[in-house]
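J.: missing the sequence, but the structure's below:
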């Protein structure tokens with residue numbers, strides 16, 4: 001380790017010393033690989049009483065380096081990126097936080113490949129929930145180009161030069177549970193393996209690169225809290241969005257103007273009106289600049305967009321294929337299901353009478369999403385309630401009638417509300433998601449059956465590019481969900497082995513990734529951002545799609561369960577949510593569980609009216625992504641405990 005060099009964090013306002021620390025160079029790796037590591041040690045000397053006031057005010061700070069040969073004053077301007085300066089300050093402040101010790105290890109990552117970065121946040125994205133890294137900060141701008149030069153020995157004692165050469169900085173945890181008596185050297189060695197696992201793909205690509213422009217039809221979220229992930233992905237990928245939606249949308253205002261290149265007011269209704277294609281063409285032409293692609297994440301718009309794309313010089317899948325995909329009845333018929341279509345209760349009763357349909361049945365709108373209006377029907381007497389639950393103003397009048405498949409879902413989606421007769425033993429017959437577990441515990445050959453069958457369906461439809469979210473189950477599976485001795489529910493072998501071979505039962509095809517909150521669990525567990533990939537595919541950036549589609553080298557980093565908290569309250573209530581933030585409350589009460597939660601969000605606010613589950617609308621109050629590095633059994637137990645610890649009330 002090199003000798004320590006002192007530094008001081010001072011206030012710009014009055015030059016008061018806010019923090020005294022020191023830094024030293026622990027190690028610089030050789031240049032044989034695709035990147036170079038620079039490991040730095042920061043050690044606390046003494047804080048002043050005004051330290052707390054400066055923690056969130058990097059603009060008001062300056063750093064003085066006490067270097068005998070080259071004393072200097074460091075500010076934002078001393079670095080290639082202001083984010084590098086802010087990260088340095090954060091690292092220094094971390095040495096003075098009570099309970100974390102006075103010595104902290106920082107690793108800088110310097111790319112040694114010449115080229116542009118695949119996405120500017122790739123390091124933080126791939127290091128989410130790393131057990132070694134407390135904070136990962138990218139210093140990169142979108143599409144930035146790196147020369148691929150290693151750090152020269154002449155600047156090894158030049159702190160600004162080291163930070164300016166790096167693309168990202170990592171502040172390591174002070175201690176790691178499974179490394180006893182952890183030393184700085186042991187922590188560095190463990191991190192070496194961690195980065196080899198998480199970054200062993202080409203995240204720096206050669207060749208020229210240009211910003212792309214993508215038209216987004218239907219911004220598809222009523223509030224920024226519901227959908228910022230999509231726009232942030234576009235930003236870090238260097239994709240300019242031209243948004244087409246109704247005037248007055250939140251993206252139309254100045255507060256979120258940085259998330260898009262243009263907002264063009266366009267009348268958008270769902271279901272789409274007959275002339276929406278003409279309005280889309282007019283709006284794109286009104287933009288007046290070249291565009292590289294067009295996309296929507298509102299399923300019902302795809303056939304229309306595919307029809308008008310040639311007028312704009314753009315390519316999509318065929319409108320005929322997409323018309324099948326977005327219609328649940330046509331999808332069922334295409335894959336060979338015995339499915340029937342009706343538009344009223346009278347028609348449904350005629351179908352039931354004339355075809356001797358076996359119960360239970362599934363009723364679902366032809367133009368549906370998010371499992372809304374999907375109901376399990378046990379008898380002819382229950383048909384009326386099922387049909388009534390469909391919101392025809394949103395989904396139209398046509399619905400599908402087909403048999404119910406009780407096999408396990410791929411992902412794994414544990415039994416839903418209709419599968420287990422309601423999350424609290426009630427009579428809910430629609431399909432609230434309760435727990436989604438990754439990775440799947442289905443037998444490997446059954447996963448192959450699903451994968452091969454679903455891929456074959458897409459190829460027969462002529463769909464060769466895109467992110468598609470297919471939902472389905474294994475019919476005649478060798479496993480079934482059973483109650484376990486610890487009170488959890490999980491897959492176990494059938495008591496009586498089935499004589500039939502397992503087959504795939506497709507529910508639906510969504511021409512988009514799964515919902516943005518649902519995609520987060522894929523992102524953290526496997527390191528892949530589906531929404532970012534969907535944007536890149538839409539602009540034809542194949543090189544980055546191939547690179548960013550690669551999961552962690554050693555597979556999923558843990559078992560993770562998305563725990564949904566559905567609205568389930570007595571029908572006698574008015575349905576007004578009468579609690580504060582569900583997630584904040586649980587995290588505060590149970591810090592032990594908080595350590596096992598990757599992400600969470602409360603999706604309703606106090607005083608908000610929430611539809612009852614029997615209305616056919618799915619109201620999720622909150623979700624928690626609960627993980628375990630020990631395995632599936634512990635993850636299920638933690639998920640069960642989180643669900644039991646949630647507190648809320650309705651009036």
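T.: Perfect, thanks for sending it. On a predicted model such as this, the values are computed, not experimentally measured, just so you know.
J.: residue 580 contacts residue 606, correct?
T.: Yes: using Cβ atoms under 8 Å, residue 580 is in contact with residue 606, at 6.0 Å. In short, each C-beta sits where N, CA and C put it, glycine included.
J.: any regions of the stretch 351-500 of the chain where pLDDT drops low?
T.: 415-432 (pLDDT under 70).
J.: what's the answer for the stretch 201-350 of the chain, then?
T.: The model of the stretch 201-350 of the chain has pLDDT under 70 over residues 222-223, 225-226.
J.: count of residues packed around residue 213?
T.: By the criterion of other Cβ atoms under 10 Å, residue 213 has 18 neighbours.
J.: ok, now which ones touch it?
T.: 239-242, 261, 289-292, 539 (Cβ atoms under 8 Å, 6 or more residues apart in numbering).
J.: now the buried members of those.
T.: Neighbour counting by 16 or more other Cβ atoms under 10 Å classes 239-242, 261, 291-292, 539 among those as buried.
J.: max pairwise distance over these: which two?
T.: Using Cβ to Cβ, these reach their maximum pairwise distance at 261 and 539, which is 13.1 Å.
J.: and the residue positioned nearest the centre of the chain, what element?
T.: Against the mean C-alpha coordinate of the chain, by Cα atoms, centre = their mean, the closest residue is residue 520 at 2.2 Å. Following DSSP states H and E, one finds residue 520 within helix 516-526.
J.: and the contacts of that helix?
T.: Residues outside helix 516-526 that contact it (Cβ under 8 Å, 6+ apart) are 125, 128-129, 226-227, 229-230, 436, 438-439, 513-514, 528-531, 551-552, 555-558, 560, 562, 598-599, 601, 623, 625, 627.
J.: ok, of the residues you listed, which come out buried?
T.: 125, 128, 226-227, 229-230, 436, 438-439, 513-514, 528-531, 551-552, 556-558, 560, 562, 598-599, 601, 623, 625, 627.
J.: rewinding a little: just the buried ones among the contacts of residue 213: which are in strands?
T.: Among these, the ones falling in strands (DSSP state E) are 239-242.
J.: against residue 386, how distant is residue 341?
T.: If you measure residue 341 against residue 386 using Cβ to Cβ, to the nearest Å, the figure is 15 Å.
J.: more crowded one of these two?
T.: Counting neighbours by other Cβ under 10 Å for residue 341 and for residue 386 shows that residue 386 has the greater number, 25 against 19.
J.: next secondary structure after the helix or strand containing that one?
T.: Assigned by DSSP H and E, residue 386 belongs to helix 383-388. Going down the chain from helix 383-388, the next helix or strand is helix 392-395, by DSSP H and E.
J.: tell me the strands beside the helix or strand following that next one, with direction?
T.: Per DSSP H and E, the first helix or strand lying C-terminal to helix 392-395 is strand 399-403. Strands that pair with strand 399-403, judged by DSSP bridges, come out as strand 340-342 (antiparallel), strand 361-365 (antiparallel).
J.: confidence score at the residue nearest to residue 64 when sequence neighbours are not counted?
T.: Closest residue to residue 64 apart from its sequence neighbours, by Cβ to Cβ, 6 or more residues apart in numbering: residue 8 at 4.6 Å. pLDDT, residue 8: 90.
J.: and the helix or strand residue 8 falls within, what other elements does it pack with?
T.: Using DSSP H and E, residue 8 sits within strand 5-11. The contact analysis (3 or more Cβ pairs under 8 Å, 6 or more residues apart in numbering; DSSP states H and E) places strand 5-11 against strand 17-28, strand 61-66, helix 82-94.
J.: show me what the longest one is packed up against.
T.: The one in question is helix 82-94. Packed against helix 82-94, as judged by 3+ Cβ pairs under 8 Å, 6+ apart, are the following elements: strand 5-11, strand 17-28, strand 35-47, strand 61-66, strand 103-111, strand 133-138, helix 159-165, strand 168-172.
J.: pull out the buried residues from it.
T.: Those would be 83-94, for helix 82-94 by 16+ other Cβ under 10 Å.
J.: go on, stretch 72-83?
T.: Buried residues in stretch 72-83, defined by neighbour count with 16+ other Cβ under 10 Å: 74, 78-81, 83.
J.: hang on, the earlier thing: in the helix holding residue 386, which residues are buried?
T.: For helix 383-388, a neighbour-count test (16+ other Cβ under 10 Å) marks 383, 386-387 as buried.
J.: save the buried residues of helix 82-94 as TSV, and put in distance to residue 103 and pLDDT too.
T.: Formatted as TSV, the buried residues of helix 82-94 follow (distance: Cβ to Cβ, whole Å; pLDDT from 0 to 100):
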residue	distance to residue 103	pLDDT
83	24	96
84	21	96
85	22	94
86	21	94
87	17	96
88	16	95
89	17	93
90	16	93
91	11	93
92	12	92
93	14	89
94	10	89
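J.: got a markdown table for these, with distance to residue 401 too?
T.: Shown next, in a markdown table, are the buried residues of helix 82-94 (distance: Cβ to Cβ, whole Å):
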| residue | distance to residue 401 |
| --- | --- |
| 83 | 56 |
| 84 | 60 |
| 85 | 63 |
| 86 | 58 |
| 87 | 58 |
| 88 | 63 |
| 89 | 62 |
| 90 | 58 |
| 91 | 61 |
| 92 | 65 |
| 93 | 62 |
| 94 | 60 |
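J.: show me the protein divided up by domain.
T.: Here the domain parsing of the chain from automatic domain parsing is 5-205, 558-651.
J.: hmm, back to that, now, the buried ones among the contacts of helix 516-526 that are in helices?
T.: The members of these that map onto helices under DSSP state H are 125, 226-227, 229-230, 530-531.
J.: of those residues, which pair is most distant in space?
T.: Using Cβ to Cβ, those span at most 20.6 Å, a distance reached by 125 and 226.
J.: quick one: the helices in the stretch 201-350 of the chain, in order.
T.: Ranges of helices in the stretch 201-350 of the chain, per DSSP state H, counting those that start in this stretch, are 224-237, 276-287, 302-308, 319-325, 328-334, 345-355.
J.: distance of residue 642 relative to residue 600?
T.: Counting by Cβ to Cβ - residue 642 and residue 600 are separated by 9 Å.
J.: hey, what's in contact with both of those two?
T.: In contact with both residue 642 and residue 600: 586, 624, using Cβ under 8 Å, 6+ apart.
J.: hmm, back to that, now the contacts of residue 213 as TSV including distance to residue 508?
T.: Putting the contacts of residue 213 into TSV (distance: Cβ to Cβ, whole Å) gives the following:
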residue	distance to residue 508
239	28
240	32
241	27
242	29
261	33
289	36
290	35
291	30
292	29
539	26
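J.: isn't residue 556 right up against residue 440?
T.: No: Residue 556 lies out of contact with residue 440 (Cβ under 8 Å); the separation is 10.1 Å.
J.: partner residues bridging residue 365?
T.: residue 399.
J.: need the contact list for it.
T.: Residue 365 makes contact with 328, 372-374, 390, 395-396, 398-400, according to Cβ under 8 Å, 6+ apart.
J.: now swap in residue 120 and tell me
T.: Neighbours of residue 120 in contact, by Cβ under 8 Å, 6+ apart: 138, 140-144, 236, 238.
J.: repeat that with 6 Å
T.: By Cβ atoms under 6 Å, 6 or more residues apart in numbering, residue 120 lies in contact with 138, 140-142, 236.
J.: which of those sits closest to residue 351?
T.: residue 236 (49.5 Å).
J.: quickly note the distance from the closest one to residue 117.
T.: Look at residue 236 and residue 117: by Cβ to Cβ, they are 9 Å apart.
J.: out of the two, which sits in the more crowded spot?
T.: Between residue 236 and residue 117, residue 117 has the larger neighbour count (other Cβ under 10 Å), namely 26 against 22.
J.: could you check the pLDDT of that one?
T.: At residue 117, pLDDT is 98.
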